[in-house]
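Peer 1: Pasting the sequence and the predicted coordinates here, then a few questions.
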Amino acid sequence: VIRAHEFIEPARARGFDWYAGVPCSFLTPFINYVIDDDRLSYLSAANEGDAVAAAVGAVLGGRHAVVMMQNSGLGNAVNPLTSLAHPFRIPLLLIVTWRGNPDLADEPQHALMGAITGRLLEDMGIPWAYFPTDPDDIEPLLERAATHMRRERRPFALLMRKGTVAAHTLQRRGLAIRSRQGPAQHRDWWRPPGTPRAARSEALERIVEHTPEQDTVVIATTGYTGRELFALADRPHQLYMVGSMGCAASIGLGLALTRPDRRVVVIDGDGAALMRMGSLATAGAYAGPNLYHLVLDNEAHDSTGGQATVSPGIRFTGVADACGYEVTLQGDDPALVEHLLGTQAHSGPAFGHLKIRTGTRKDLPRPSRTPEQLAERLMTHLGTQ
Ligand SMILES: Cc1ncc(C[n+]2csc(CCOP(=O)(O)OP(=O)(O)O)c2C)c(N)n1
């Protein structure tokens, strides 16, 4: 058994001071220590995949990030681990608990995941070791993890067994989040009924015009949106997600929190925003005024053939308001984009919901750089490489 600080302090000495995750009872003493320590950042994510995506944003922003989760949450995290951290080559230190260890009696819901956890990590190309139980093993293990992360620029996992860390009672109950008084400032941007909806490209052109290189970063969601943005203007402060559908807001949140000197503009889709709607709660609670979240809503999964989504019935601004965003705008007038990006919020993030039409240009290209090159270019631009 070790005490939490015996791991956390040497990890901090190596720069690991940004934590995100979802608790597990095996992790309780460790997570409690992280939450209580004012010099560590802890992001309480809605699910483990969002925690991974936010940590990726924090790494892009120049921090060393740790993601903590139960192994059942590894299932929630598989998508951003395989399609975000892996292709973009983002090093993360994962602490994954081992429920369902076949050597212990545990609950039936953990049995299968417990039996496959090590293999699942290996299959995802993530090397792992047991979380140390002897203080003498901590430094060599951190060295091994850090060396892998530095050389391969990919995640490394520590598998935590039951009873590894001595008890630490939580002192501070609350999180370092905002609580907004009253409703969001809301404004509608509807054009006269019957006006044809704008194309995605028109919204993107306006975004490009209002996101100068020196003080903004643009994160574009999976599918046509990233490809169209690339085709329109390929700039070093833009990131085109290729996988990790639904993770744009979480990546943007991690980046906005770690780089308050930049305005982070997240361009989302209706399908993607619906896929990980819990991330609005996390962004609304944690983000400052430098996060701008725009959903381009064509009421369809346009990139995969135009299948309808349920978005015609969803008032995204109502969700964003309820989640704590400070400003919400909705409508079909693309002027909404300028107003969103011109918002001077005081404390919290701004949200825009713009109705657009489906369709894209013919021969839409794909980004000519690999995800790895795109992440590297962005980090060089931000001075975090
Ligand atoms: C987890 C996951 N599920 C499905 C897909 C396939 N996929 C790629 S883009 C896309 C549609 C995205 O829809 P939306 O966010 O509304 O954006 P649009 O295509 O309309 O621009 C889907 C389903 C994926 N990449 N990842």
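Peer 2: Right, received. Where do you want to start? Small disclaimer: the values here were computed from a predicted structure and weren't measured.

Peer 1: Show the contacting residues for residue 48.
Peer 2: By Cβ atoms under 8 Å, 6 or more residues apart in numbering, residue 48 lies in contact with 21, 22, 67, 69, 70, 73, 74, 76, 77. C-beta: built from backbone N, CA, C; applies to glycine.

Peer 1: Quick one: name whatever helix or strand follows the helix or strand hosting the last one.
Peer 2: The reference is to residue 77. According to DSSP states H and E, residue 77 maps onto helix 71-80. For helix 71-80, the succeeding helix or strand toward the C-terminus, using DSSP H and E, is helix 86-88.

Peer 1: Grab the nearest non-local neighbour of residue 244.
Peer 2: residue 84 (3.8 Å; Cβ to Cβ, 6 or more residues apart in numbering).

Peer 1: Please name the residues that touch that neighbour.
Peer 2: Counted by Cβ under 8 Å, 6+ apart, residue 84 has contacts 52, 53, 56, 90, 241, 243, 244, 247, 251.

Peer 1: Pick out the residue in the stretch 151-300 of the chain sitting closest to the ligand.
Peer 2: Per Cβ to the nearest ligand atom, residue 269 is where the stretch 151-300 of the chain lies closest to the ligand, at 2.2 Å.

Peer 1: Tell me the pLDDT of the residue nearest to that residue when sequence neighbours are not counted.
Peer 2: With Cβ to Cβ, 6+ apart as the criterion, residue 269 has its nearest non-adjacent residue at 4.9 Å, and that residue is residue 221. pLDDT, residue 221: 98.

Peer 1: Please verify my assumption that residue 221 contacts residue 244.
Peer 2: No: at 9.3 Å, residue 221 does not count as touching residue 244 under the criterion of Cβ atoms under 8 Å.

Peer 1: Looking at these two, which is more packed in?
Peer 2: With neighbours defined as other Cβ atoms under 10 Å, residue 221 and residue 244 compare such that residue 221 has more, 30 against 27.

Peer 1: Check which helices and strands the lowest-mean-pLDDT helix or strand in the chain sits against.
Peer 2: When the helices and strands of the chain are compared on mean pLDDT, DSSP states H and E, helix 28-36 comes out lowest with a mean of 93. When contacts are defined as 3 or more Cβ pairs under 8 Å, 6 or more residues apart in numbering; DSSP states H and E, helix 28-36 sits against helix 4-13, strand 41-44, strand 64-70.

Peer 1: Please identify the most buried of those.
Peer 2: Among the helices and strands packed on helix 28-36, strand 64-70 has the highest mean neighbour count (mean count of other Cβ atoms under 10 Å), at a mean of 26.

Peer 1: Can you tell me which helices and strands it packs against?
Peer 2: Counting contacts by 3+ Cβ pairs under 8 Å, 6+ apart, strand 64-70 packs against strand 16-21, helix 28-36, helix 48-60, helix 71-80, strand 93-97.

Peer 1: can I get those in CSV with distance to the ligand?
Peer 2: What follows is the helices and strands packed on strand 64-70, written out as CSV (distance: least, Cβ to the nearest ligand atom, whole Å):
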stretch, distance to the ligand
strand 16-21, 20
helix 28-36, 27
helix 48-60, 9
helix 71-80, 5
strand 93-97, 20
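
Peer 1: Could you tell me the least trusted of the ones you listed?
Peer 2: Among the helices and strands packed on strand 64-70, helix 28-36 carries the lowest mean pLDDT, a mean of 93.

Peer 1: Would you mark the buried spots in it?
Peer 2: For helix 28-36, a neighbour-count test (16 or more other Cβ atoms under 10 Å) marks 28, 29, 30, 31, 32, 33, 34, 35 as buried.

Peer 1: out of everything not next to it in sequence, what's closest to residue 171?
Peer 2: Nearest in space to residue 171, with sequence neighbours left out and distances taken as Cβ to Cβ, 6+ apart, is residue 36 at 4.8 Å.

Peer 1: and if you look at residue 132?
Peer 2: Distances taken as Cβ to Cβ, 6+ apart place residue 138 nearest to residue 132, at 4.8 Å, with adjacent residues excluded.

Peer 1: Now do the same contact list for that neighbour.
Peer 2: For residue 138, the contact set (Cβ under 8 Å, 6+ apart) comprises 2, 6, 7, 10, 132.

Peer 1: Could you tell me whether it really is in a strand?
Peer 2: No: Residue 138: not assigned to a strand; according to DSSP: H, G, I helix; E, B strand; the rest coil it is helix.

Peer 1: Can you tell me how far it is from residue 290?
Peer 2: From residue 138 across to residue 290, the span is 36 Å (Cβ to Cβ, to the nearest Å).

Peer 1: what's near enough to touch the residue of the chain most remote from its centre?
Peer 2: Relative to the C-alpha centroid of the chain, counting by Cα atoms, centre = their mean, residue 194 is the outermost residue, at 37.0 Å. By Cβ under 8 Å, 6+ apart, residue 194 lies in contact with nothing.

Peer 1: interface residues of the stretch 1-150 of the chain facing the ligand?
Peer 2: With Cβ under 6 Å from any ligand atom as the criterion, the stretch 1-150 of the chain comes near the ligand at residues residue 79.

Peer 1: what's the angle between the least confident helix or strand of the chain and strand 93-97?
Peer 2: 140 degrees (axes from the mean of the first three to the mean of the last three Cα atoms, to 10 degrees).

Peer 1: neighbouring contacts of helix 28-36?
Peer 2: The contact list for helix 28-36 (Cβ under 8 Å, 6+ apart) reads 4-5, 7-8, 19, 21, 23, 40, 42, 68, 95, 160, 165-172, 175.

Peer 1: One more pass at 10 Å, please.
Peer 2: Contact partners of helix 28-36, identified using Cβ atoms under 10 Å, 6 or more residues apart in numbering, comprise 1-5, 7-8, 17, 19-24, 27, 40-42, 44, 66, 68, 95, 97, 131, 160, 163-176.

Peer 1: Could you identify the buried members of these?
Peer 2: Buried subset of the contacts of helix 28-36 (neighbour count, 16+ other Cβ under 10 Å): 2-5, 7-8, 17, 19-24, 27, 40-42, 44, 66, 68, 95, 97, 131, 160, 164-165, 168.
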